[in-house]
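Student: Quick one: sequence and predicted model below, then my questions.
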Amino acid sequence: MSKARLVITAVVVEGRSQSEVARDYGVSQGWISRLVARYRREGELAFAPRSRRPQTNPTRLPQPTIDLIIDLRNQLSSKGLDHGPHTIAWHLQHHHGLTVSPVSIHRHLSAAGLITPTPQKRPKSSYIRFAAEQPNERWQADFTHWWLADGTHVEILNWLDDHARYALSVTAHRRVTGPIVRAEFRKAVATHGIPASTLTDNGMVFTTRLAGGKGGRNHLEHELHRLGVTQINSTPGHPTTCGKVERFHQTLKKWLTGQPRAASITKLQTQLDAFVEIYNPHRPHRELPQRATPATAYTARPKATPRQRHDTHNRVRTDRVDQFGKLTLRHAGRLHHIGIGQTHAGTRVLVLVHDLDIRIIHAATGELIRQLTLDPTRDYQPRNVPTGRPKKKPEP
């Protein structure tokens, strides 16, 4: 039995004086007076625990402001846009002339039951963060997967500026291939200028550096080399290196999820264009200074340009002449066949490539089997007169 019930029983049922009960139970007479008055007014409810919450809260926002915060949260969420406290604070300041701290917004959203607690994530301070100093200093690229209304799988290729998080190109395709990557890169260059460098993962549409030395340059690598653009590829197994474009995928898919599912690639591309029109000039980015929009950050500084380079493409590979007396060599993403001669079928050779100049050497003897200048316009490079072997004189 609680002390309050003992006190009430002693005063009301036994008829003892409040001063005597206060002395026996070690409580103040004033508390007993208030308790008895509450019991006579509320009955058994007088024994229920009382909230210690203050009746007034000087830090509480005006109700119209709270209603506006909740409305903004619902509007942004329904459109598939970011709707966290920082984003709502930006909209309040820029569109309604109100300055409210994200902490206060978070508190009122929690009180309204609109924030679900999530498990503790890895702290951002544990990541090594990098951002390019200038626009066009580095472009990130990657593609992600999506599905049309009928379940058809498609892929979305994205080019993103590392400095401003500016969406340079967002395009939908049945399947992203090497020629498509190069074509969309060229379109982005025509609109935004040539970047100083690019950063991608090690997908074959971006690089052949993990292809064992047999791939040569693919379409994008050949284009970057031609323009003097430095190519950077992430370390395998470290997706956070390309974290900006990976995070962009999340933002894009979140927005697409809030739209009607597109029935065709053409309609999906229309949605992607509409997203870019929101994302670049109107959506504040949390990682940019003063939560600027990507368009503002992209135009605030001079653009970087490529450094002049005069290197050549050198490589050495080991191969075996096939049963038809040919070798294959990839140049600028195109596969070429080089005639060696059936007399060398099955022979292991060393292929020395210096841009278009090629030397083919017998791996065991060191004999020069063939030397040629590759014709990039032809798939097959005919033997003509084999180099490294003396011509046989015709018999009399």
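Tutor: Great, that's in hand.
Student: how far out from the middle of the chain is stretch 134-154?
Tutor: 9 Å (C-alpha atoms, centre = their mean, to the nearest Å).
Student: how far does that stretch stretch from start to finish?
Tutor: 33 Å (C-alpha to C-alpha, to the nearest Å).
Student: So for it, what gets flagged as buried?
Tutor: Neighbour-count burial for stretch 134-154 flags 134-144, 146, 148, 154 (criterion: 16 or more other C-beta atoms under 10 Å). C-beta: built from backbone N, CA, C; applies to glycine.
Student: Would you check which pair of the residues you listed lies furthest apart?
Tutor: The span of these, defined through C-beta to C-beta, is set by Q134 and L148 at 38.0 Å.
Student: what's the closest non-adjacent residue to A363?
Tutor: Excluding the flanking residues, the one nearest A363 by C-beta to C-beta, 6 or more residues apart in numbering is R348, at 4.2 Å.
Student: residue contacts, the one you found?
Tutor: Taking C-beta atoms under 8 Å, 6 or more residues apart in numbering, we find R348 in contact with T318, D319, R320, H362, A363, A364.
Student: contacting residues around I70?
Tutor: Counting by C-beta under 8 Å, 6+ apart, the residues that I70 touches are H108, L109, A112, L114.
Student: residues of the host helix or strand of it that come out buried?
Tutor: I70 belongs to helix 63-78 when assigned by DSSP states H and E. Across helix 63-78, burial judged by 16+ other C-beta under 10 Å covers T65, I66, L68, I69, L72, R73, L76.
Student: Could you do stretch 361-372 as well?
Tutor: I361, H362, I369, R370, L372.
Student: Span of that stretch from start to end?
Tutor: Distance between the two ends of stretch 361-372: 12 Å, counting by C-alpha to C-alpha.
Student: Quick check: mean pLDDT of that stretch?
Tutor: In this model, stretch 361-372 carries a mean pLDDT of 85.
Student: got the phi/psi numbers for the residue nearest the centre of the chain?
Tutor: Centroid-nearest residue in the chain, with C-alpha atoms, centre = their mean: E246, separated by 1.9 Å. Dihedral pair for E246: phi -60, psi -40, per degrees, to the nearest 10.
Student: about what we covered before: any chance of the buried residues of stretch 361-372 in CSV, with distance to N218 too?
Tutor: Below are the buried residues of stretch 361-372 laid out as CSV (distance: C-beta to C-beta, whole Å):
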residue, distance to N218
I361, 25
H362, 29
I369, 27
R370, 25
L372, 22
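Student: which two in these are spaced the farthest apart?
Tutor: Applying C-beta to C-beta across these, the maximum distance is between H362 and L372, 15.8 Å.
Student: Distance check, the residue nearest to the centre of the chain against T200.
Tutor: Per C-beta to C-beta, to the nearest Å, E246 is found 11 Å from T200.
Student: ok, back up a step: could you export the buried residues of stretch 134-154 as a markdown table, including secondary structure?
Tutor: Output for the buried residues of stretch 134-154, formatted as a markdown table (DSSP: H, G, I helix; E, B strand; the rest coil):
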| residue | secondary structure |
| --- | --- |
| Q134 | coil |
| P135 | coil |
| N136 | coil |
| E137 | coil |
| R138 | coil |
| W139 | strand |
| Q140 | strand |
| A141 | strand |
| D142 | strand |
| F143 | strand |
| T144 | strand |
| W146 | strand |
| L148 | coil |
| V154 | strand |
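Student: for the residues you listed, which one is nearest R286?
Tutor: For the buried residues of stretch 134-154, the nearest to R286 is Q140 (17.5 Å; C-beta to C-beta).
Student: is it true that that closest one touches H163?
Tutor: No - using C-beta atoms under 8 Å as the test, Q140 is too far from H163 to be in contact (10.5 Å).
Student: where do the strands sit along this protein?
Tutor: All strands of the chain, identified by DSSP state E, fall at 139-147, 153-161, 167-173, 197-200, 230-233, 314-320, 326-331, 334-339, 348-354, 357-362, 368-373, 380-381.
Student: helices or strands next to the third one in the packing?
Tutor: Helices and strands touching strand 167-173, as assessed by 3 or more C-beta pairs under 8 Å, 6 or more residues apart in numbering; DSSP states H and E, comprise strand 153-161, helix 178-192, helix 265-279.
Student: any weak-confidence spans in the protein?
Tutor: 1, 55-56, 117-129, 211-216, 237-240, 287, 289-290, 308-314, 333, 384-396 (pLDDT under 70).
Student: mind redoing it with 50?
Tutor: Scanning the chain with the threshold set as pLDDT under 50 gives 213, 310, 385-392, 396.
Student: For G346, give me its contacts.
Tutor: By C-beta under 8 Å, 6+ apart, the contact set of G346 is R320, V321, Q323.
Student: Which positions within stretch 197-214 qualify as buried?
Tutor: S197, T198, L199, T200, D201, V205, F206, T207, T208.
Student: Make CSV out of these and add distance to H86.
Tutor: Output for these, formatted as CSV (distance: C-beta to C-beta, whole Å):
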residue, distance to H86
S197, 30
T198, 30
L199, 26
T200, 29
D201, 29
V205, 35
F206, 33
T207, 36
T208, 41
